[in-house]
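> Here is a sequence together with a model predicted from it:
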Amino acid sequence: MTMPASKSLCVILCMFLMGAGSQTVRASSDDPAEVNDLPGFGIWGPAYRLRNVPEGMRLVVRAAGDRSAATVGSLTRSASEILVLNCAPEIVPLTFEDASAEAKRELLGGVWCQIDHYGMTGFVPGIYLDPILNR
């Protein structure tokens, strides 16, 4: 029994696509991109926790980087695992990366940062952010 050409082509194409999907492409261990790959660089590298929030208070998260912007939520003073998405004015990533822990806190002191904390996104003054450093 012979198959029509169009059906034959479909079978060959389907087998090719199914076979291609089962292959795994991996970088070799000699690939510097694999060995030195980091999840982020500069302000986007570490996760953050809060600092300078007075006892019994919560940090207000705003819709924009301005104290008069609408409130979108708040963070407890012990909040951690905060991701920084962006800061304004922008902090140069290499400057931030090369800075000491204290210098990083100083750089954050003059900016508003857009953050994500378990799905809540908004803006907070950078002075309240403390990078969780692995050094």
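Received, thanks. Residues are numbered from 1 along each chain as shown.
> domain ranges for this protein?
Annotated domains of the chain cover 5-35, 42-131 [automatic domain parsing].
> Turn these into JSON lines, columns for mean pLDDT and mean neighbour count.
Heads up, the C-betas are built off the backbone N, CA and C, glycines and all. Formatted as JSON lines, these follow (pLDDT from 0 to 100; neighbours: other C-beta atoms under 10 Å):
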{"stretch": "domain 5-35", "mean pLDDT": "40", "mean neighbour count": "9"}
{"stretch": "domain 42-131", "mean pLDDT": "93", "mean neighbour count": "16"}
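> Can you list the strands that the helix or strand hosting residue 130 pairs with?
Applying DSSP states H and E as the criterion places residue 130 in strand 129-131. Its sheet considered, strand 129-131 pairs with strand 48-50 (antiparallel) by DSSP bridges.
> ok, and what's touching the partner strand?
Residues outside strand 48-50 that contact it (C-beta atoms under 8 Å, 6 or more residues apart in numbering): 59, 75-84, 115, 128-132.
> Check which element follows that strand along the chain.
strand 58-62.
> Just name whatever secondary elements that next one is in contact with.
strand 71-76, strand 120-125 (3 or more C-beta pairs under 8 Å, 6 or more residues apart in numbering; DSSP states H and E).
> neighbouring contacts of it?
Here strand 58-62 has contacts from 50, 53, 69-77, 79, 115, 117, 120, 122-124, 128, using C-beta under 8 Å, 6+ apart.
> Could you rerun that using 10 Å?
Residues outside strand 58-62 that contact it (C-beta atoms under 10 Å, 6 or more residues apart in numbering): 50, 52-53, 67-77, 79, 82, 112, 114-115, 117, 120-125, 128-129.
> Next, the angle from that strand to strand 71-76.
Angle of strand 58-62 versus strand 71-76, following axes from the mean of the first three to the mean of the last three C-alpha atoms, to 10 degrees, is 150 degrees.
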